[in-house]
Structures are given as structure tokens and as C-alpha cells.
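Enquirer: I'd like to go over a predicted model; first the sequence, then the structure.
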Amino acid sequence: MKALVLKNPQELDLEDVPTPHIGSGEVLIRTAYAGICGTDRDLYLGLPGSAKADPPIILGHENSGRIAYVGSQVTGLAVGDNVAVDPNIYCHQCNYCRSGKPGLCSHLSAIGVTRNGGMAEYFSAPAEVVYKVPDGVTLREASMMEPISCAVHGVNLMALRPNQKALVIGDGFMGQLFAQILQCYGLVQVDLAGISAEKLALGRRLSNIHATYKTDCETLPVEAYDLVVEAVGLPATQAQAIQACRRGAQVLMFGVGAPDAHFTMNTYDIYQKELTIKGSFINPLSCMDAISLLESGRLNISDLISHELKLEQVPELMEGKIGETTKALVTFPN
């Protein structure tokens with residue numbers, strides 16, 4: 001089969017590799033779509049993702065497809081089923097898994113990070129992380145189950161009420177998802193901030209955004225929001241998130257920062273405002289909610305997908321030769 005193999009940092013090769021063998025509790029999936037996210041680019045550059053990737057490895061952790069083969073011990077899944085896959089595989093034995101926090105698993109592995117993923121014609125997955133796609137949800141949309149579930153997990157960490165005003169900092173794919181999902185959860189006002197006029201306009205078109213802010217030429221409101229989602233991962237935007245909080249506010253630090261990055265905050269503000277600051281890592285126990293949001297039709301995913309690429313075009317994207325994207329998918333012929 002054809003697969004895109006990360007041989008070394010910044011070295012992606014299209015190769016013929018053997019079709020994966022599967023264990024008794026696994027399924028073999030013929031890939032339909034593989035999303036490309038910032039984590040893939042980090043891994044391409046040699047940075048860590050949800051776990052450390054050791055090349056050679058086939059990337060691709062946002063995957064959908066059709067089951068081609070099922071292991072002898074698999075129940076509830078069958079050849080021909082349309083499925084989406086949660087890439088994160090937990091050990092179920094460590095203290096975190098046993099105390100209801102599997103997302104912090106001490107032995108986390110991940111499809112497309114620590115084991116071969118979906119940038120190939122076929123990939124394998126444990127049956128426990130494979131979800132059937134409901135009728136009415138396309139495989140194109142279903143490939144976005146993983147990023148949607150990551151946003152859902154972040155939202156679920158917050159204490160939400162309908163009268164809250166929220167700001168999402170970051171106009172990329174994840175920021176746009178957060179803006180839509182927060183509205184699905186019933187918040188009275190959701191604002192969006194970013195640096196791209198085109199993406200802010202896209203957010204206004206796809207969501208019931210109250211206000212947008214172009215942060216390279218506009219100042220964000222100070223002490224104005226009950227909830228701020230930071231979906232960029234830069235020290236400057238993390239500091240902006242704190243400054244935008246009113247008393248009693250919550251901040252979700254979702255954007256993936258560089259491992260050695262730091263930002264400065266006023267500790268008295270945290271004390272005096274009673275701020276709650278939380279991090280959000282991967283997507284534990286959130287895939288069913290993500291699928292339900294897709295099935296409801298309340299999320300506009302299709303218009304957030306800006307590029308559909310062939311497998312051999314992915315290196316060009318990683319090298320920055322394709323231009324600005326909101327979301328890129330690798331498509332596979334069926």
C-alpha cells in the first residue's frame with residue numbers, strides 16, 4: 001500500500017509499505033480521509049505531540065474510513081462499517097486511568113504519533129477506539145471527530161451557564177470550532193479574536209458571532225469576559241486571555257505552546273479576581289459527544305475545510321508551499 005512515512009524530522013517520503021497485520025482485538029480500516037493539524041506539523045519538525053514520536057512513523061491521527069477486516073475477538077463492528085477513530089489509546093492500568101482521568105494516562109499511545117496512522121491507504125486500530133459513523137454524517141465530516149472531541153473536552157472542563165460572555169482567541173480551525181461549540185452549549189455571547197480578516201469573516205458567516213477583533217490592529221476588551229478560550233499557544237495571546245477576564249472568570253489554555261515557552265501574569269489578579277485557569281489535553285471520553293454534534297447538523301464543518309490534498313502533496317503543505325489553510329484533508333480514492 002502507499003503510505004507517507006516520516007523518516008526523520010522534515011523528511012516525509014511516499015513509500016510502498018506492507019498492509020498492516022491486525023491483532024484479535026483490532027480492525028483494519030481503509031482510509032477515506034486524514035486530517036492534518038498543527039500536531040502533525042510539530043511532529044514533522046521534531047517536536048512532541050500528545051506523546052513522543054519516534055521515526056520512522058506514518059502520521060495521521062484525524063481519520064475516517066471503512067472497515068476492511070475485523071479481528072477474531074471484535075464485536076459490534078463489521079466489515080463495511082463507516083467509522084471514525086479516536087487516536088488515543090489508554091493503558092487502563094495506571095493511577096490516572098483508574099481514577100477517571102484517562103487523558104493523563106502514564107502510558108498513553110496514539111495512532112499517528114506512537115504507532116502508524118492514517119496517512120496511508122490502510123491503517124489498524126484497537127476496536128475500543130473505533131466509532132461507527134451515523135447515517136447522515138459523511139466520512140469527510142467524520143474525519144473531524146477527533147478535533148471536535150478535543151474542543152468538547154475543553155468545554156466540558158468549564159462550568160458553563162447561559163448568561164456567560166465568552167471570547168475565543170484564535171481564528172484557526174480550533175478557534176472556529178470552539179466558537180461554534182460554545183454556541184451549541186447555549187452561551188449568550190461568543191466573540192472571536194485573531195489576525196486574519198478572512199478567517200474572522202468566515203467565523204461571522206458560519207457562527208452567530210457577536211463581535212470580532214483583529215488583534216494586530218485592534219485592542220481586546222479588558223476585564224470583559226466570563227470565559228476565555230486561548231486557542232493559539234503563544235505567550236502574547238495567553239497574556240491577552242488573562243487580561244480579558246472579569247472577576248470570577250475562567251480561562252481555558254487550549255493552544256499548544258512551545259515546550260520552553262513562558263508568559264507573565266499578575267498573581268494578584270488571579271487572587272483578587274478569583275480566576276480559574278485550566279489546561280486542556282487531548283479528548284478523553286468526548287468522542288460520543290463529538291459524533292452527536294456532527295449528527296445534529298449544528299456544526300458547520302464543511303466550510304472550515306479549505307484544502308483537499310492527495311497524499312503526495314502533504315510534504316508541500318508541511319514546507320509551507322501551499323499557502324494559508326484553515327483545515328486541510330488528505331483524501332483517498334474509494
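Expert: Happy to help now that I have it. The model shown is predicted, which means the values in this text are computed figures rather than measured ones. Numbering: from 1, shown residues only.
Enquirer: check the secondary structure at residue 166 for me.
Expert: strand (DSSP: H, G, I helix; E, B strand; the rest coil).
Enquirer: let me see the contact set for residue 79.
Expert: Contact analysis of residue 79 by C-beta atoms under 8 Å, 6 or more residues apart in numbering lists 67, 68, 69, 70. Bear in mind the C-beta positions are built from the backbone N, C-alpha and C, glycine included.
Enquirer: name the nearest residue to the first one, sequence neighbours excluded.
Expert: Taking C-beta to C-beta, 6 or more residues apart in numbering as the measure, residue 67 lies nearest to residue 81, with 4.7 Å between them; neighbours along the chain are not counted.
Enquirer: tell me the predicted confidence for the one you found.
Expert: As predicted, residue 81 sits at a pLDDT of 98.
Enquirer: neighbours of it, how many?
Expert: 17 (other C-beta atoms under 10 Å).
Enquirer: list the contacts of it.
Expert: Contacts for residue 81 (C-beta under 8 Å, 6+ apart) come out as 66, 67, 132, 133.
Enquirer: for residue 33, which three-state class applies?
Expert: Recorded secondary structure, residue 33: strand (three-state DSSP).
Enquirer: that one and residue 60 touch, don't they?
Expert: No - contact criterion C-beta atoms under 8 Å: residue 33 and residue 60 do not qualify, at 9.7 Å.
Enquirer: dump the residue contacts of residue 43.
Expert: If you count contacts by C-beta under 8 Å, 6+ apart, then residue 43 has 6, 49, 53, 57, 59, 113 around it.
Enquirer: now the contacts of residue 79 in CSV, with secondary structure, distance to residue 244 and neighbour count?
Expert: Output for the contacts of residue 79, formatted as CSV (DSSP: H, G, I helix; E, B strand; the rest coil; distance: C-beta to C-beta, whole Å; neighbours: other C-beta atoms under 10 Å):
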residue, secondary structure, distance to residue 244, neighbour count
67, strand, 45, 21
68, strand, 48, 17
69, strand, 50, 17
70, strand, 49, 21
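Enquirer: how about the helices in the stretch 51-200 of the chain?
Expert: 95-98, 139-142, 145-156, 173-184, 197-206 (DSSP state H, counting those that start in this stretch).
Enquirer: TSV for these, including mean neighbour count?
Expert: TSV is the format used below for these (neighbours: other C-beta atoms under 10 Å):
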stretch	mean neighbour count
helix 95-98	14
helix 139-142	22
helix 145-156	25
helix 173-184	24
helix 197-206	17
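Enquirer: which among the ones you listed is found nearest to residue 334?
Expert: helix 139-142 (8.7 Å; C-beta to C-beta).
Enquirer: who touches the closest one?
Expert: 32-33, 64-66, 82-84, 133, 291, 294, 301-302, 305, 329.
Enquirer: quick one: the strands in the stretch 1-150 of the chain?
Expert: Per DSSP state E, counting those that start in this stretch, the stretch 1-150 of the chain carries strands over the ranges 2-8, 11-16, 26-36, 57-58, 62-70, 82-85, 88-89, 109-110, 122-126, 130-132.
Enquirer: same for the last one, what does it pack against?
Expert: If I follow you right, that is strand 130-132. Contacts defined by 3 or more C-beta pairs under 8 Å, 6 or more residues apart in numbering; DSSP states H and E place strand 130-132 against strand 82-85, helix 287-296.
Enquirer: also the second one?
Expert: Taking 3+ C-beta pairs under 8 Å, 6+ apart as contact, the helices and strands that strand 11-16 lies on are strand 2-8, helix 314-318.
Enquirer: what residues sit buried inside the shortest one?
Expert: Taking 16 or more other C-beta atoms under 10 Å as the neighbour-count basis, helix 314-318 is seen to contain the buried residues 314, 315, 317, 318.
Enquirer: which residues sit against the following helix or strand past that helix?
Expert: Remark: after helix 314-318, the chain's next helix or strand is strand 328-331, criterion DSSP states H and E. Counting by C-beta under 8 Å, 6+ apart, strand 328-331 makes contact with 32-36, 60, 118-119, 140, 143, 305-311, 314, 317, 322, all of which sit outside it.
Enquirer: distance of residue 307 from residue 329?
Expert: Going from residue 307 to residue 329 by C-beta to C-beta, to the nearest Å gives 7 Å.
Enquirer: higher neighbour count, the two?
Expert: The neighbour comparison of residue 307 against residue 329 (other C-beta under 10 Å) goes to residue 329, with 21 against 16.
Enquirer: beta partners of that one?
Expert: Legend: beta-bridge partners of residue 329 under DSSP bridges are residue 35, residue 308.
Enquirer: nearest to residue 278 among the contacts of residue 43?
Expert: For those, the nearest to residue 278 is residue 49 (20.5 Å; C-beta to C-beta).
Enquirer: ok, now which ones touch that closest one?
Expert: 39, 40, 42, 43, 61, 110, 113.
Enquirer: just the closest of the residues you listed to residue 228, please.
Expert: residue 39 (22.6 Å).
Enquirer: doesn't residue 62 make contact with the closest one?
Expert: No - with contact defined as C-beta under 8 Å, residue 39 does not count as touching residue 62 (9.2 Å).
Enquirer: ok, the two, which is more surrounded?
Expert: Between residue 39 and residue 62, residue 62 has the larger neighbour count (other C-beta under 10 Å), namely 29 against 23.
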